[in-house]
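**Q** Give me a 3D structure for the following:
(chains A and B)
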Amino acid sequence: MTSTLVTNLAILVLAGFVGYAVISKVPNTLHTPLMSGTNAIHGIVVLGGILILVTGEADGFLNKLLLVIAVAFGTINVVGGFLVTDRMLEMFKAKPKDQIEAGSEDVK
Amino acid sequence: MIASSFITDRNFVAVLYIISFGLFIYGLSGLTGPKTAVRGNRIAAVGMAIAVIATLLVPHVSNIVLIILGVAIGTAVGVPAARQVKMTQMPQMVALFNGVGGGAVALIAWVEFRDSGGFADVPTYVAIFSCFAAIIGSVSFWGSNIAFAKLQELIDGKPVKPFGSAQVLVNGALLLVAVACGVAIVAGSHSEILIIVLLVAAALVGNFLVLPIGGADMPVVISTLNAFTGLSAAATGIALNNTSLIVAGMIVGASGTLLTQQMAVAMNRTITSVLLGGFGGEVAAAAGAGGASGTVRSTSAADVAIQMAYARQVVVVPGYGMAVSQAQHAVREMAKLLEAKGVTVKYAIHPVAGRMPGHMNVLLAEADVPYEQLKEMDDINGEFSRTDVSVVIGANDVTNPDARNKADSPIYGMPILNVDESQSVIVLKRSMSSGYAGIDNPLFVNPKTSMLFGDAKSSVEGITEELKIL
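**A** Okay, the predicted model is just below:
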């Protein structure tokens, strides 16, 4: 039992450093999409709800009700988070090259 | 049968989890640039889909109807919300999505408690991590809801302190109650009342933590709560022995913490001082004592248009006021006309302008402002001395020279945009009221400064009309 815990703690610590390293390279400009993107990722808690339901561990009406709410919450977090991030990032992508060329032509 | 036993094999499922968190990390690293970001986000979403499928691969699937029901409800709520939200409302949307994530964590911890007879038949560490997840998840859920309500202006955005200066003590006591319940549970008490008291006490902490925080500090609050939910998800992952949850949760926890730090540095404040709240409170007194003297010069849209049309370089300094009046498209129109006249237009983005990290960038990107024109504070500050006109649109505290000059100012030491170094400054402002911090801004009485009063959007549109005539 303890060995599972120790392995998981090792993963936890390493993931913390990976997160720190990856994110420290993100420019200020992209901080909002970064936040909503990471926000979507922590919606992964939906797995927790699904896991307990799918293995049939949960008994009783209240437990199941709470889990359905948890799964719904988690899904809102995941689906909404990824969609909103996608919408935002599409705007950043919005053909910057064409516009700058158009802009410099105007100047001439 | 052989195939089905293979796909439900524990190692196969574990490999799927590894693939999923690999995709999360790879996807997030794409967010470092605007060109790779869209793909990065979609890669992370694929990782999420794989993780969900992996979770469903168990030998005997139960409750599939309930799972579909939950996912369907979540999709029905989440998709339209994400599709329809305006870019100006992005901070509250992120707060809301963050909150439901925290809520899910808290609910899962509660069910785990009920399911295992109060953690009777599980290792001690499961109880410890579940209690941690329950506390943080509940704080995050309620804190995010309050942040949402404040940003959506359902409740007053100004700092509210139900217990006055004793607020910190009340919060500490409530947190202590929650932790004490957790300790009792871990020590072997199985009474369900304990976990309920734990959740309620943590919920109150969440409420009281965010209520006293003013609107200007929201970037710090939102990224802190984001980090909280991430950490609580990681704790849930340890309790459920699910590597994908651990890695994803921890990455979010780490990135949220880093972002919070950066925000706090950009405001020259410690995270604790923000979270203990009361910016508005302590500052109000200081504002009364100071009182900037000097005359305010107001100007007209026509004058502003002429001034800008004959400039070589114009720097736009957007703030929350631009978001409120949704002036970003009007600003872009104005900039296009200026560019057509040969004026160089740049945008100076303060790290904490708006209500969430990078808020202004999103709005300007929505209005098709080229990414290259958006300048971060350190890059643009050297350029103000070479700038003819700085246009401050609905920004206040981030341009306040007191942060540089006046040692007793509450914002002294906060890095600001040095707009007062440019040849002339135009401030678009609704009225002479002070900013969120409630302090005077000597920039407004600077002889270089002219004020254009009115709603930011109609002011900018007025300037644009004048530019067309020129």
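**Q** quick one: the strands in chain B?
**A** Ranges of strands in chain B, per DSSP state E, are B:313-318, B:344-349, B:374-376, B:389-393, B:424-429, B:449-453.
**Q** Out of these, which is the most enclosed?
**A** Mean neighbour count (mean count of other C-beta atoms under 10 Å in any protein chain shown) peaks for strand B:389-393 among the strands of chain B, with a mean of 29. Just so you know, the C-beta spots here come from the backbone N, C-alpha and C atoms, and that holds for glycine as well.
**Q** I'd like the distance from that strand to the chain centre, please.
**A** Relative to the centre of its chain, strand B:389-393 is centred 25 Å away, using C-alpha atoms, centre = their mean, to the nearest Å.
**Q** is the longest helix along chain A up against chain B anywhere?
**A** Counting by DSSP state H, the longest helix found in chain A is helix A:2-23. Yes: Helix A:2-23 comes into contact with chain B (C-beta under 8 Å from any C-beta of the partner chain), by way of A:4-5, A:8-9, A:11-12, A:15-20, A:22-23.
**Q** What helices and strands are in contact with that helix?
**A** For helix A:2-23, the packing partners by 3 or more C-beta pairs under 8 Å, 6 or more residues apart in numbering or on different chains; DSSP states H and E come out as helix B:10-29, helix B:218-240, helix B:243-266.
**Q** can you rerun that using 10 Å?
**A** helix A:31-42, helix B:10-29, helix B:124-151, helix B:218-240, helix B:243-266 (3 or more C-beta pairs under 10 Å, 6 or more residues apart in numbering or on different chains; DSSP states H and E).
**Q** Disregarding residues adjacent in the polypeptide, which is nearest to whichever residue of chain A sits closest to chain B?
**A** Residue nearest to chain B within chain A: A:T75 (2.4 Å; C-beta to the nearest C-beta). Nearest residue to A:T75 in three dimensions, chain neighbours excluded: B:G74, at 2.4 Å (C-beta to C-beta, 6 or more residues apart in numbering or on different chains).
**Q** Also B:T344?
**A** Nearest residue to B:T344 in three dimensions, chain neighbours excluded: B:Q313, at 4.5 Å (C-beta to C-beta, 6+ apart).
**Q** just to revisit the earlier point, mind putting the strands of chain B into TSV with mean pLDDT?
**A** Below are the strands of chain B laid out as TSV (pLDDT from 0 to 100):
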stretch	mean pLDDT
strand B:313-318	94
strand B:344-349	93
strand B:374-376	89
strand B:389-393	93
strand B:424-429	91
strand B:449-453	90
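**Q** Output those strands as TSV; include the columns distance to B:N145.
**A** Listed next are the strands of chain B as TSV, based on distance: least, C-beta to C-beta, whole Å:
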stretch	distance to B:N145
strand B:313-318	28
strand B:344-349	29
strand B:374-376	31
strand B:389-393	30
strand B:424-429	31
strand B:449-453	35
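**Q** Residue ranges in chain A under the pLDDT threshold?
**A** A:1-2, A:94-108 (pLDDT under 70).
**Q** I should have written chain B there, sorry.
**A** Scanning chain B with the threshold set as pLDDT under 70 gives B:1-4, B:277-294, B:433-439.
**Q** Can you name the residues that contact whichever residue of it sits closest to chain A?
**A** Going by C-beta to the nearest C-beta, chain A is nearest to B:G74 of chain B, at 2.4 Å. Counting by C-beta atoms under 10 Å, 6 or more residues apart in numbering or on different chains, B:G74 touches A:43, A:46, A:68-80, B:100, B:104.
**Q** how does it look with 7 Å?
**A** Going by C-beta atoms under 7 Å, 6 or more residues apart in numbering or on different chains, B:G74 touches A:V71, A:A72, A:F73, A:G74, A:T75, A:I76, A:V79.
**Q** Repeat that for B:L31.
**A** Counted by C-beta under 7 Å, 6+ apart, B:L31 has contacts A:V26, A:L30, A:P33, A:L34, A:G37, B:A37, B:G40.
**Q** again, 10 Å this time
**A** Remark: with contacts taken as C-beta under 10 Å, 6+ apart, B:L31 is in contact with A:22-23, A:25-27, A:30-31, A:33-34, A:37-38, A:85, A:89, B:37-41, B:44, B:255.
**Q** Filter the residues you listed down to the buried ones and express that as a ChimeraX selection.
**A** Command for ChimeraX that selects the buried part of the contacts of B:L31, burial taken from 16 or more other C-beta atoms under 10 Å in any protein chain shown:
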select /A:22,23,26,27,30,31,33,34,37,38,85,89 /B:37,38,40,41,44,255
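**Q** Skipping adjacent residues, who's closest to B:A184 in space?
**A** Nearest residue to B:A184, sequence neighbours excluded (C-beta to C-beta, 6+ apart): B:L194, at 5.5 Å.
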